[in-house]
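>>> The following block contains a protein sequence and its predicted model.
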Amino acid sequence: MNKAVFLDRDGVINNDEGLYYIYRPEDFKINPGIAESIAMLNKSGFLVIVVSNQGGIGKGLYNKEDTEQLHKLLKTKITQNGGRIDEIYYCPHHPDTGLCLCRKPSGLMIEKAIARFSLDKTQCYLIGDSPRDIEAAENAGIKGILVPKNADILPICRSIIEGKIG
């Protein structure tokens with residue numbers, strides 16, 4: 001069985017200060033410590049999986065191609081710094097446009113990854129910046145770690161690797 005750290009995107013991986021929907025490359029700024037954190041997690045045997053609500057797609061503000069382009073940019077930047085993102089799951093729905101099963105706080109995106117990658121839930125963590133992230137982790141049966149928006153998560157990742165968070 002494998003282990004993984006799930007990361008929320010906006011506010012954890014990238015800075016979302018002043019922007020609610022981030023879909024343009026020029027607005028995409030990776031937070032301090034992210035590239036190093038991901039590389040360190042990878043070297044310690046953790047898969048790194050992104051789970052993100054992208055409700056702007058459902059509202060028609062941007063499209064899946066915009067999102068995929070941004071995710072390609074993210075993966076490239078992380079790879080250039082010695083890390084690897086194993087998968088990115090995102091919910092394109094918005095609650096104003098209808099009911100959906102995948103939007104956090106649902107644990108469905110996490111559950112998909114658990115099944116696909118044969119993950120041991122006891123060795124999985126989600127780092128998020130909102131209560132709905134933590135609720136999604138709980139709904140999927142993994143440990144959720146709430147961090148301040150746009151914080152450097154390197155100390156948290158070190159604690160995970162050292163077994164200090166369990």
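Arrived safely.

>>> Tell me where the chain has helices.
Using DSSP state H, the helices assigned to the chain run over residues 34-43, 55-58, 64-80, 108-116, 131-140, 154-161.

>>> Quick one: those as JSON lines, columns for mean neighbour count too.
For glycine as for every other residue, the C-beta is placed from the backbone atoms N, C-alpha and C. Shown next, in JSON lines, are these (neighbours: other CB atoms under 10 Å):
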{"stretch": "helix 34-43", "mean neighbour count": "20"}
{"stretch": "helix 55-58", "mean neighbour count": "20"}
{"stretch": "helix 64-80", "mean neighbour count": "15"}
{"stretch": "helix 108-116", "mean neighbour count": "19"}
{"stretch": "helix 131-140", "mean neighbour count": "20"}
{"stretch": "helix 154-161", "mean neighbour count": "18"}
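
>>> now for the ones you listed, which one comes closest to Val5?
Across these, Val5 has its closest neighbour in helix 34-43 (5.3 Å, CB to CB).

>>> now that closest one against helix 64-80, angle please.
Helix 34-43 runs at 70 degrees relative to helix 64-80, counting by axes from the mean of the first three to the mean of the last three CA atoms, to 10 degrees.

>>> Helix 34-43 vs helix 154-161, what angle?
10 degrees.

>>> distance between helix 34-43 and the chain's centre?
Put simply, helix 34-43 sits 13 Å off its chain's centre (CA atoms, centre = their mean, to the nearest Å).

>>> What average pLDDT does that helix get?
The predicted model gives helix 34-43 an average pLDDT of 98.

>>> ok, and what's touching that helix?
5, 7, 12-14, 48, 77-78, 81-85, 153-154, 156-158, 160-161 (CB atoms under 8 Å, 6 or more residues apart in numbering).

>>> Looking at the helices of the chain, which is nearest to Met1?
Per CB to CB, nearest to Met1 of the helices of the chain: helix 108-116, 9.8 Å.

>>> Just the CA trace of that closest one, in PDB.
Extracted in PDB, the C-alpha atoms of helix 108-116 (Å, rounded to 0.1, in the frame of the first residue of the first chain):
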ATOM      1  CA  LEU A 108     -15.000  11.700  -3.700                       C
ATOM      2  CA  MET A 109     -11.800  13.100  -5.300                       C
ATOM      3  CA  ILE A 110      -9.700  11.700  -2.500                       C
ATOM      4  CA  GLU A 111     -11.600   8.400  -2.500                       C
ATOM      5  CA  LYS A 112     -10.900   8.100  -6.300                       C
ATOM      6  CA  ALA A 113      -7.100   8.500  -5.600                       C
ATOM      7  CA  ILE A 114      -7.200   6.100  -2.700                       C
ATOM      8  CA  ALA A 115      -8.600   3.400  -5.000                       C
ATOM      9  CA  ARG A 116      -6.500   4.200  -8.000                       C
END
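
>>> Fine by me, thanks again.
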